[in-house]
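>>> quick one, fold the following:
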Amino acid sequence: MDILQEIKRLEEEIRKTPYNKATEHHIGRLKAKLARLKGEAEKQRKKTGGEQFAIKKEGDATVVLVGYPSVGKSTILNALTGAKSEVGDYDFTTLKPVPGMLEYKGARIQIVDVPGLMEGASKGRGRGREILAAIRNADLIVIVVDVFTLHNVDVLKRELYEGGIRLDERPPEVIIKKRATGGLNVKSTVPLSLDEETIKGILREYKIHNGDVLIREDITIDRLIDAILGNRVYIPSITVVNKIDLYPDVEIPDKAIPISAEKGTNLDVLVEEIYRKLDFIRVFLKPPGGKVEEEPMILRRGARVEDVCRKLHRDMVENFKYAKVWGKSVKFDGQRVGIDHQLEDGDVLTIYAK
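Prediction:
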């Protein structure tokens, strides 16, 4: 039995096995083995080469439009950025990623239209694996359907999930420290629904037989596997329903934004939500001995002094000596900090270099 046949067999066994406390351990081992085999199959596929989609990230953040062909992604891109992505009433008008730049509240936001995604993409249909690989680099995903294809929201989310993309989730709070001997020592700071033997069984499936495991959430089987693999990406998302002008009375899914890219309806709402979801902060630069610059540098929340250095000049990190900060991220104004210091919105920063 080859690897793809084994994957199919495992998927079928998991589907047919009812989940309960008695089967939890068995299902955990099956899911762990399935994820491992999928990873091996992907490595084999990459060895065969072939053209890859690539997104060259520019601006302060990158937003990717994801949806089936012909739902209006190119029209949205053109309306938001003034780009000239080809628009057509037939499938697969967009054959490679097409970028545009949206400028809003001082931020330069790159919007990218990628080729249409569809059911089966995570298994390779319609070059889906290459498209999913490109999407993984996004800072925000905008899922696009139209008023006639609302059911595709769940399909798209499932394909993104199978491609290792976790929407609107935080990384699992699990720390695994491997050791050479001593067996597995599992500790948790919260009550766990999974029993210890199930957790250990999943770890052993990945040849982790010795180590310390600290779990800080009521972990599920899937999130434990994600923590072990360490190759998932966690990206916020927005859902958009396009062509609202063609069916104004359609029932819009909860939290989705109804728009008409053709008519310009609610595009201002979409832009504001994109800006909010990207969670920008403003950092004001102050040259040594100089005045605070009026225009702030736009960064994502969680940015450190190192990120500012990289934006200023490629040699700034290597030549960095120390920095001083005035604002919410320090205990007192003018505090001296290192390159790993995390900044907050409104901070004033002075960098001293060699």
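
>>> who's in contact with Lys33?
Lys33 is in contact with 10, 205, counting by Cβ atoms under 8 Å, 6 or more residues apart in numbering. The C-beta positions use only the backbone N, C-alpha and C, and glycine is treated the same way.

>>> let me fix that, I meant to ask about Met297.
282-285, 308, 311 are the contacts of Met297 under Cβ under 8 Å, 6+ apart.

>>> can you tell me the helix or strand for Lys311?
helix 305-312 (DSSP states H and E).

>>> and the nearest residue to Ala83 once chain neighbours are set aside, how close does it get to Ile131?
Excluding the flanking residues, the one nearest Ala83 by Cβ to Cβ, 6 or more residues apart in numbering is Gly100, at 3.1 Å. Here the criterion is Cβ to Cβ, to the nearest Å. By it, Gly100 lies 18 Å from Ile131.

>>> count the residues that sit near the residue nearest to Ala83.
For Gly100, the count of nearby residues is 21 (other Cβ atoms under 10 Å).

>>> mind splitting the chain into its structural domains?
What automatic domain parsing lists as the domains of the chain is 3-49+172-229, 61-169+233-278, 280-353.

>>> with respect to Ile55, which of the ones you listed lies nearest?
Nearest to Ile55 among the domains of the chain is domain 61-169+233-278 (5.2 Å), distances taken as Cβ to Cβ.

>>> and that closest one, average pLDDT?
The pLDDT scores in domain 61-169+233-278 average 91.

>>> numbering from 555 from now on, please.
Let's use 555 as the start, then, which means that last one is domain 615-723+787-832.

>>> start to end distance for that domain?
Domain 615-723+787-832 has an end-to-end distance of 8 Å (criterion: Cα to Cα, to the nearest Å).

>>> repeat for stretch 871-890
Note: stretch 871-890 ends 16 Å apart using Cα to Cα.

>>> still on that earlier bit, need the contacts of Met851 in JSON lines with pLDDT and neighbour count, can you?
Formatted as JSON lines, the contacts of Met851 follow (pLDDT from 0 to 100; neighbours: other Cβ atoms under 10 Å):
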{"residue": "Arg836", "pLDDT": "96", "neighbour count": "17"}
{"residue": "Val837", "pLDDT": "97", "neighbour count": "23"}
{"residue": "Phe838", "pLDDT": "97", "neighbour count": "16"}
{"residue": "Leu839", "pLDDT": "97", "neighbour count": "18"}
{"residue": "Val862", "pLDDT": "96", "neighbour count": "23"}
{"residue": "Lys865", "pLDDT": "92", "neighbour count": "16"}
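
>>> tell me where this structure has helices.
Per DSSP state H, the chain carries helices over the ranges 557-570, 578-601, 627-635, 682-689, 706-716, 750-759, 775-783, 821-832, 859-866, 870-873.

>>> name the stretch among those that sits most buried.
helix 627-635 (a mean of 23; mean count of other Cβ atoms under 10 Å).

>>> mind listing residues that contact that one?
Contacts for helix 627-635 (Cβ under 8 Å, 6+ apart): 619-621, 637-642, 647-648, 652, 654-656, 665-667, 670, 696, 698, 794, 796, 813, 815-816, 818, 821, 824-825.

>>> just the ones of the residues you listed in strands?
619-621, 652, 654-656, 665-667, 696, 698, 794, 796 (DSSP state E).

>>> isn't Asp780 right up against Tyr715?
No: when contacts are counted by Cβ atoms under 8 Å, Asp780 is not listed as touching Tyr715 (10.3 Å).

>>> show me the beta-bridge partners of the most centrally placed residue in the chain.
Compute the mean C-alpha point of the chain, and by Cα atoms, centre = their mean the closest residue is Ile789, 2.5 Å away. Counting by DSSP bridges, Ile789 forms beta bridges with Leu721.
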